[in-house]
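S.K.: Let me see the structure of the following:
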Amino acid sequence: MTLARTHTDVLELGSAIVVGTDGSCVTNPGPTGWAYVADDGASACGGLLQGTNNIGELLAVENALRDFADRPLVIQADSSYTIGCSTTWASGWARNGWRNSKKEIVANVEIVQAIYALMQARRDSGAPVFFQKVKAHLTDLTVWPLNVAADALAGQASARAARGDVSEVRTTGLLSGTNG
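M.R.: Below you'll find the predicted structure:
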């Protein structure tokens, strides 16, 4: 099963990693940033010239799932919408032709479909994931330090996007094996 029942189910696996994710908008909608920060020191962030906070939140999760495809993950997110899209709602939307209960195309459908495909690949490879809801906009690094760091990076990425810079910045962690 892709989704783990608890974060401890995932953390008990030797190669597990915890990733804080966040999105940011200068104005909503407007220049958008996304970011993740992993507990091994890896991080990534990027931006869009135009988007929404929800798009930034979803892109952070999509990138974390892609960059740590074969690793058991605990994804910390402060967005109930993003967690719902990534876990509960996508399978129903897929069965309904990516339409919601109002028979309208799901918002942010391309990103949600990408997350769904990544989650299906995780299921097939046996790499579990647990989504952990965390409090938004904290500044206290002792509470949810990865989410606080992701929030800061996402804010920087949205500010860069407001200046026209939508480049991605990636750092390689000690254990991640991702390329920067």
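S.K.: Which residues are in contact with the nearest residue to Trp144 once chain neighbours are set aside?
M.R.: Distances taken as CB to CB, 6 or more residues apart in numbering put Val134 closest to Trp144, at 4.4 Å, once the chain neighbours are dropped. For the C-beta atoms, the positions are set from N, CA and C on the backbone; glycine is no exception. Neighbouring residues of Val134 by CB atoms under 8 Å, 6 or more residues apart in numbering: Gly20, Gln76, Ala77, Asp78, Trp144, Asn147.
S.K.: Now compare those and name the two farthest from each other.
M.R.: Ala77 and Trp144 (10.3 Å; CB to CB).
S.K.: Compare neighbour counts for these two and give me the winner.
M.R.: Remark: of Ala77 and Trp144, Ala77 carries more neighbours, 27 against 19, as counted by other CB atoms under 10 Å.
S.K.: ok, for the more buried one, nearest residue in space, not its chain neighbours?
M.R.: Once flanking residues are discounted, Ala77 sits nearest to Thr21: 5.0 Å by CB to CB, 6+ apart.
S.K.: Can you pull the phi/psi pair for the closest residue in space to Val166 that isn't next to it in sequence?
M.R.: Take Val166 and drop its neighbours on the chain: the residue closest to it by CB to CB, 6+ apart is Gly47, 4.5 Å away. Backbone torsions of Gly47, given as degrees, to the nearest 10, read phi -140, psi 170.
S.K.: count of neighbours near Gly47?
M.R.: Around Gly47 there are 30 other residues, counting by other CB under 10 Å.
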